[in-house]
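Enquirer: Just to be clear, the model below is a prediction. Sequence and coordinates:
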Amino acid sequence: MTGYTAEITAPDRTREIADDVLVTRFQSGDVDAFRLLLERYTERIRNLVYSVLHDADLIDDVTQEVFIKAYRALPRFRFDASFYTWLYRITINHCRDIMRKQKLRRSLSLNTLLEVRDRELTAKTSVPPVDTETGEWIHRGLQKLPEKYRTPVILKDMEGFSYEEMAEIMQCELGTVKSRLSRGRSMLRTWLQPILEG
């Protein structure tokens, strides 16, 4: 048992290495540096892919495709943005391509309801909806949210990006980011109003 405890508490030195250092190493030929970046961000990218596409069957394939794109593009990375922001932009753009090709209009993860006034409802629905009346309302409401309003809600309310980072990822002006986020939140609240009042 003591050996097990020691294993858990042993420091992981790889977590102390900054993303920029790992990117520089990769650009200098150290392929293992990319493996560390992949391990660091795989779960976050998987969550983002699910949030955008809301299709569990696509998560693994799309995440792999995102990292393949990142691997191929990383030699040209110029440090204009953080690696984290750059990777999220690749993910969002790739998911948009998939939605265009397959015409997917899926709902977001229910974590986008963080701005809904009823926090108890948000807590109950922070996982994909089940076959309940409330879950059905939320599912329908999220399906109605256009993609251009979904993306800022995901990035701000789920991922915690700053407005500046969102503008970088979405490749649009700061004012556009704020207005789309406000509109997306408003659309969700309007649709959910009967539930919140009930």
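Expert: Yes, it's here.

Enquirer: Helices along this protein, start to end?
Expert: In the chain, the segments counted as helices under DSSP state H are 2-9, 19-27, 31-53, 59-73, 83-102, 119-124, 133-144, 147-153, 163-170, 174-197.

Enquirer: which one of those has the most crowded surroundings?
Expert: helix 147-153 (a mean of 22; mean count of other C-beta atoms under 10 Å). Glycine gets a C-beta too; all of them are placed from N, C-alpha and C.

Enquirer: Which secondary structure elements does that helix sit against?
Expert: helix 83-102, helix 163-170, helix 174-197 (3 or more C-beta pairs under 8 Å, 6 or more residues apart in numbering; DSSP states H and E).

Enquirer: Reformat these as a markdown table; add distance to residue 144 and mean pLDDT.
Expert: Formatted as a markdown table, those follow (distance: least, C-beta to C-beta, whole Å; pLDDT from 0 to 100):
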| stretch | distance to residue 144 | mean pLDDT |
| --- | --- | --- |
| helix 83-102 | 15 | 89 |
| helix 163-170 | 20 | 89 |
| helix 174-197 | 6 | 83 |
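
Enquirer: Distance to residue 41 for these - can I get that in TSV?
Expert: Listed next are these as TSV, based on distance: least, C-beta to C-beta, whole Å:
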stretch	distance to residue 41
helix 83-102	6
helix 163-170	14
helix 174-197	22
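
Enquirer: Residue 52 is nearest to which of those helices?
Expert: Taking C-beta to C-beta, helix 83-102 is the member of the helices and strands packed on helix 147-153 nearest to residue 52, at 4.2 Å.

Enquirer: Give the other helices and strands that the closest one contacts.
Expert: Packing partners of helix 83-102 (3+ C-beta pairs under 8 Å, 6+ apart): helix 19-27, helix 31-53, helix 59-73, helix 147-153, helix 163-170.

Enquirer: measure the residue nearest to residue 95 when sequence neighbours are not counted to residue 162 for me?
Expert: Excluding the flanking residues, the one nearest residue 95 by C-beta to C-beta, 6 or more residues apart in numbering is residue 52, at 4.2 Å. Relative to residue 162, residue 52 is positioned 19 Å away (C-beta to C-beta, to the nearest Å).

Enquirer: Quick one: closest of the helices and strands packed on helix 147-153 to residue 157.
Expert: helix 174-197 (7.8 Å).

Enquirer: Measure how that closest one sits relative to helix 163-170, angle-wise.
Expert: Helix 174-197 and helix 163-170 are oriented at 100 degrees to each other (axes from the mean of the first three to the mean of the last three C-alpha atoms, to 10 degrees).

Enquirer: tell me which strands and helices helix 174-197 is in contact with?
Expert: By 3+ C-beta pairs under 8 Å, 6+ apart, helix 174-197 packs against helix 119-124, helix 133-144, helix 147-153, helix 163-170.

Enquirer: Mind telling me which of these the model trusts least?
Expert: Lowest mean pLDDT within the helices and strands packed on helix 174-197: helix 119-124, at a mean of 40.

Enquirer: care to break the chain down by domain?
Expert: Structural domains assigned to the chain are 1-106, 107-198, following automatic domain parsing.

Enquirer: and residue 90, what is it in contact with?
Expert: Going by C-beta atoms under 8 Å, 6 or more residues apart in numbering, residue 90 touches 66, 69-70, 73.
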